[in-house]
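Engineer: Okay, here's the prediction I keep looking at, along with the sequence it came from:
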Amino acid sequence: MARQREEYNMIEFSGVSRTFRGRSGEVEALRAIDLSVEAGEFLAVIGRSGCGKSTLLRLVAGLLRPTAGHIAVNGSPITGPRPDIALMFQRPALLPWRSVLANVLLPLEIRGRVRPPDRERAHTLLDTVGLNGFHRRHPHELSGGMQQRVALCRALIQRPSILLMDEPFSALDALTREELAGQLQQIHMEMRPTTVFVTHSIPEAVLLADRVAVLSNRPGRVQRIIAVDIPRPRSFGHNAHLTDVAAHVAELTDLLHADGAPAPLQL
């Protein structure tokens, strides 16, 4: 008997491979990925540059199709972009002529519906990330960290069931990265979107994730999945769980070194 829909994992990779073909030949980015992500889970993905982390996100977002295998969300195959899946990039990509509030509401405008409750939610999201009082400002008036906060609110405005994040804090200074990681942790605890977060920072992965998937050198394969069983909220400051955080960071660092990769950038 077929299992009921609610028993499906939120995201399911089954034998997923992706090869790019160009003038200079073929590049195999991912090979035979088998991976499940549960509803409400926060999965971090780490690995060496070029191992296919961003490709993996674009496959889930429906921007690319697998060369082999398939990906399903709640048991349904992904055939293209979906309104319940939001993708946040390294750069905020805000429209410079629109205010902060208008940038956040843009996905809803594109779909032809902006209701008063949507505006209220946009205000609440901006306040949550510390941007109260900046709703009418424009991107050029904001710091890089503030712009990325706006991009996060824009990704969340549609209440996505899946949030995909491609190194969203990589261009920021260390202190801002840590602050944003803390805010994202709090947002995830409250809203529980299924989140796949690509990062080069091992400490960032440990701070945020329920599990960390380590991809091998290209072609990317799932080398190991590490469960991060540390109570939330987590931080890098002096707290009862600092030893556990350090132990997970050390384990992941050793694992990546064993694969012949240099240690990823740290916070």
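Structural biologist: Nice, I can see it. What you are looking at is a predicted structure, and each value in this text was computed from that prediction instead of being measured.
Engineer: Strands along the stretch 101-250 of the chain, start to end?
Structural biologist: When secondary structure is read from DSSP state E, counting those that start in this stretch, the stretch 101-250 of the chain shows strands at 162-166, 194-198, 211-215, 222-227.
Engineer: Output those as JSON lines; include the columns distance to residue 136 and mean pLDDT.
Structural biologist: (Glycine included, C-beta is placed from N, CA and C.) Formatted as JSON lines, these follow (distance: least, CB to CB, whole Å; pLDDT from 0 to 100):
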{"stretch": "strand 162-166", "distance to residue 136": "26", "mean pLDDT": "95"}
{"stretch": "strand 194-198", "distance to residue 136": "30", "mean pLDDT": "96"}
{"stretch": "strand 211-215", "distance to residue 136": "39", "mean pLDDT": "95"}
{"stretch": "strand 222-227", "distance to residue 136": "44", "mean pLDDT": "93"}
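Engineer: Same list (those strands) but as a markdown table, adding mean neighbour count and distance to residue 123.
Structural biologist: Below are the strands of the stretch 101-250 of the chain laid out as a markdown table (neighbours: other CB atoms under 10 Å; distance: least, CB to CB, whole Å):
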| stretch | mean neighbour count | distance to residue 123 |
| --- | --- | --- |
| strand 162-166 | 23 | 20 |
| strand 194-198 | 25 | 23 |
| strand 211-215 | 23 | 33 |
| strand 222-227 | 15 | 37 |
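Engineer: With distance to residue 53 added, can I get those strands in a markdown table?
Structural biologist: Below are the strands of the stretch 101-250 of the chain laid out as a markdown table (distance: least, CB to CB, whole Å):
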| stretch | distance to residue 53 |
| --- | --- |
| strand 162-166 | 8 |
| strand 194-198 | 4 |
| strand 211-215 | 6 |
| strand 222-227 | 12 |
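Engineer: out of these, nearest to residue 152?
Structural biologist: Minimum separation from residue 152 across these (CB to CB) falls at strand 162-166, 8.5 Å.
Engineer: okay, the angle between the closest one and strand 194-198?
Structural biologist: Relative orientation of strand 162-166 versus strand 194-198 (axes from the mean of the first three to the mean of the last three CA atoms, to 10 degrees): 10 degrees.
Engineer: which residues are contacting strand 162-166?
Structural biologist: 10-11, 53-54, 57, 60-61, 73, 84-90, 155-156, 193-198 (CB atoms under 8 Å, 6 or more residues apart in numbering).
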